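> coords please:
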Amino acid sequence: MIANTPALQSPSSSVLRPVILHGLLFILLMVVATGLATLFTAIFHGFNSASVSTEQLAMAFTFSLVGIPLAWLLWRTIRKRLARPSAFDSAIWSLQASAVYLLTLAASSCAALGLLAGLVSVSPDGAWQSSLAVALGWGAVCLWQHRQITSARTAPRHFAHLAATLGNYFSMVLFALSLVAMLKVSLEILIRPDNALVGSTVMQNLLMALIWLAGSSALWFWHWKLRRVQKMGNLFNDILLVVLGLAGPAIAFLLTIAELLSWVWPQAWTLQERTELFLAGGPSLLAILVAAAVLWIYHQSQLLSGLHPAAVVSAAQLALGGVGLAVLATGLGMVVNALCAAIASSVSVGYSADLLGHGLGLLAFGAATWLWYFKPWKPSLADSRSAYLVLFFGASSVVALVSLLVFGYRIFEFYLEPDSRLDSLLDTVRAPLGWLVATAAVAGYHFALWRSDKDSRGGSSGKSVAAQGSITRRAVVIVGPAASEPMAAQLKARPELAVTWIASSGPALDDRAEVSVLARIDEYLATHPDSFMVLAEPDGAVRFINLA
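Next comes the predicted model:
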């Protein structure tokens, strides 16, 4: 019994040990980055006690002089384990390295761009020293981490492209915010050019926004193009592309354009009131509208460029259809609420008209988006659509149930507390009534469509089985350097091929070598009908092995 105890404990220890080691390394790297930034701040201030306190200086020396050796010793231990890592070791290493890379990249890049933007404005005393110190301290750790995750010896074998993917979408979000800021200032200058001529503040803001836009664009280009996130075909990258590249801009676009539509909706506003409203909030809304449209259209074109498999394209279409449906349902609920508010005597006409304008805007543009992407008139028996219908039926049913409970609660509250109730029962229940009508309609529609698809699928099951038996997919196994895996995205997008990538050691293939390898594979596919394995060499040479 005692002899078996180590064997029983070994699985748990093999799991806990890498978690503890990489957790400690993460903490030490954060400590080192903080210490270096504080130390650089003290150096740039000339160790002036008025700018840097004794506590800060002591922390800087401790974090730097103690943290760096400890981090190096711990890294040497971890690097030995990475020579022959287990799958769990490699996964934990990739998660830890990606977290460090994302945090240090965000801190150093924002500090560097803030430093450059501060050159065109009057910055407070000591601002550039702190910004430069953070950029250098956190940037040094970021560069070291980037070197480790791209090195052939220490690059993660599991989730190999996680760090590049996270860095890319952080850069994209930073680019979007910078674009909104630049467009906002530009529109303010176009609308009120007299402000730009009177003082230099507006032009300084424009130059600062342009610096942020240029820097974030360069950072996004470096990840998207040079680190080849654009060609990566892993699941996490596809999810972020759909969520942040398509769904996020789509939601911002629809909400913004519905808000703008509510401003031009006929209401009891004078022309002067509408003008003041547009001058106050119009530039911000138009900037968000344009920036969201740019990101939405660009990522939609990338999705349809052939770099992504058909399953990802279908999932993205359904996700965008879901976004449109959610906006549509929200608008429908607001329209019902507004109509009830117009009937209720205690609500002003202006409030109901404003609410109706918002609701009609959301209803119109949400419906257009849903019809464009979901295409309810087009029959589809895909499993992804079935999961989508069940998901929306469940979500809308839950919201409808909650709305029904709130609806009943407000009715009982109206009759049980006459002193605190509103003037009419309709005014009391109009908000939950709007949600109930909208969500019940959505739930009922999706349930009916799901039943229709299920019946159609059951009727054509025999044909589908026969059709599936006639389709054969050729297996293509590619053995190449881990960093060159995005090269296989074009082959994975072809439905007649079942592509498997096996990572090998060595440097990544350059562009000429990738083109040569893909050309040789296409030639072999055209001349040999069997499945095969491809061995890609770093110089672009290719060896083929037929598979049984």
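
> which ones are touching the closest residue in space to residue 528 that isn't next to it in sequence?
Closest residue to residue 528 apart from its sequence neighbours, by Cβ to Cβ, 6 or more residues apart in numbering: residue 546 at 7.2 Å. Every residue, glycine included, has its C-beta placed from N, CA and C. By Cβ atoms under 8 Å, 6 or more residues apart in numbering, residue 546 lies in contact with 528, 530-533.

> Quick check: what element follows the lowest-mean-pLDDT helix or strand in the chain along the chain?
The weakest-scoring helix or strand in the chain, judged by mean pLDDT, DSSP states H and E, is helix 461-470 (a mean of 46). The C-terminal neighbour of helix 461-470 among helices and strands, as given by DSSP states H and E, is strand 474-481.

> any idea of the mean pLDDT in that next one?
Strand 474-481 carries an average pLDDT of 83.

> quick one: the strands in the stretch 1-150 of the chain?
For the stretch 1-150 of the chain, applying DSSP state E, counting those that start in this stretch gives no strands.

> Give me the residues contacting stretch 55-67.
Residues contacting stretch 55-67 (Cβ under 8 Å, 6+ apart): 28, 31-32, 34-36, 38-39, 41-42, 47.

> Provide the backbone phi and psi angles at the residue nearest to residue 528.
phi -70, psi 140 (degrees, to the nearest 10).

> That one and residue 530, how far apart?
Counting by Cβ to Cβ, to the nearest Å, the separation of residue 546 from residue 530 is 5 Å.

> same deal with residue 135?
In this view, residue 135 and residue 530 are 55 Å apart by Cβ to Cβ.

> Neighbour count: these two, which is higher?
residue 135 (23 against 10; other Cβ atoms under 10 Å).

> Distance of that one relative to residue 226?
According to Cβ to Cβ, residue 135 and residue 226 sit 21 Å apart.

> same thing with residue 116?
Distance from residue 116 to residue 226, by Cβ to Cβ: 21 Å.

> which residues are in contact with stretch 208-218?
Against stretch 208-218 from outside (Cβ under 8 Å, 6+ apart): 109, 112-113, 116-118, 120-121, 171, 174-175, 177-179, 181-182, 184-185.

> again, only using 10 Å
Stretch 208-218 is touched from outside by 109-110, 112-121, 170-186, with contacts defined as Cβ atoms under 10 Å, 6 or more residues apart in numbering.

> in stretch 309-323, what counts as buried?
For stretch 309-323, the neighbour count (16 or more other Cβ atoms under 10 Å) marks 309, 312-323 as buried.

> Could you do stretch 541-548 as well?
residue 542.

> What of stretch 392-410?
Buried residues in stretch 392-410 (16+ other Cβ under 10 Å): 392-393, 395-397, 399-400, 403-404, 406-407, 410.

> Rounded mean pLDDT for it, please.
87.

> now could you export just the CA positions of that stretch as PDB?
Provided in PDB are the C-alpha atoms of stretch 392-410 (Å, rounded to 0.1, in the frame of the first residue of the first chain):
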ATOM      1  CA  PHE A 392     -32.400  31.400 -29.600                       C
ATOM      2  CA  PHE A 393     -35.600  29.600 -28.700                       C
ATOM      3  CA  GLY A 394     -34.200  28.800 -25.300                       C
ATOM      4  CA  ALA A 395     -32.800  32.400 -24.700                       C
ATOM      5  CA  SER A 396     -36.000  34.100 -25.800                       C
ATOM      6  CA  SER A 397     -38.100  31.700 -23.800                       C
ATOM      7  CA  VAL A 398     -36.200  32.500 -20.600                       C
ATOM      8  CA  VAL A 399     -36.600  36.300 -21.300                       C
ATOM      9  CA  ALA A 400     -40.300  35.800 -22.000                       C
ATOM     10  CA  LEU A 401     -40.700  33.900 -18.800                       C
ATOM     11  CA  VAL A 402     -39.000  36.600 -16.800                       C
ATOM     12  CA  SER A 403     -41.100  39.300 -18.600                       C
ATOM     13  CA  LEU A 404     -44.200  37.300 -17.700                       C
ATOM     14  CA  LEU A 405     -43.300  37.200 -14.100                       C
ATOM     15  CA  VAL A 406     -42.600  40.900 -14.000                       C
ATOM     16  CA  PHE A 407     -45.800  41.600 -15.800                       C
ATOM     17  CA  GLY A 408     -47.800  39.600 -13.200                       C
ATOM     18  CA  TYR A 409     -45.900  41.300 -10.400                       C
ATOM     19  CA  ARG A 410     -46.700  44.800 -11.600                       C
END
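
> Would you mind pulling the contact partners of that stretch?
318, 321-322, 325-326, 329, 333, 421-422, 425, 427-450.

> Buried only: go through the residues you listed for me.
Buried, going by 16+ other Cβ under 10 Å: 318, 321-322, 325-326, 329, 333, 422, 427-443, 445-447, 449-450, out of the contacts of stretch 392-410.

> Those in helices, which ones?
Assignment to helices by DSSP state H places the following of the buried ones among the contacts of stretch 392-410 there: 318, 321-322, 325-326, 329, 333, 427-443, 445-447, 449-450.

> For the stretch 401-548 of the chain, give me the ranges with low pLDDT.
Across the stretch 401-548 of the chain, the ranges flagged by pLDDT under 70 are 418-423, 455-472, 483, 548.

> repeat that with 50
461-470 (pLDDT under 50).

> quick check: longest helix of this protein.
Longest helix in the chain, counting residues (DSSP H): helix 5-44.

> now that helix: mean pLDDT?
81.

> Who are the packing partners of that helix?
Other elements packing on helix 5-44 under the criterion 3 or more Cβ pairs under 10 Å, 6 or more residues apart in numbering; DSSP states H and E are helix 54-65, helix 67-81, helix 87-118, helix 127-150.

> Which strands or helices does the longest one pack on?
Here helix 87-118 is seen to pack against helix 5-44, helix 67-81, helix 127-150, helix 162-191, helix 201-221 when contacts are counted using 3+ Cβ pairs under 10 Å, 6+ apart.

> ok, residue 430 - contacts?
Counted by Cβ under 10 Å, 6+ apart, residue 430 has contacts 336-344, 347, 352, 355, 407, 410, 422, 424.

> was I right about residue 342 contacting residue 354?
No - assessed by Cβ atoms under 10 Å, residue 342 is found out of contact with residue 354, at 11.3 Å.

> more neighbours, these two?
Applying other Cβ under 10 Å to residue 342 and residue 354 shows that residue 354 carries more neighbours, namely 19 against 15.

> So the more buried one is in contact with residue 337, correct?
No - taking contacts as Cβ under 10 Å, residue 354 lies outside contact range of residue 337: 11.4 Å.
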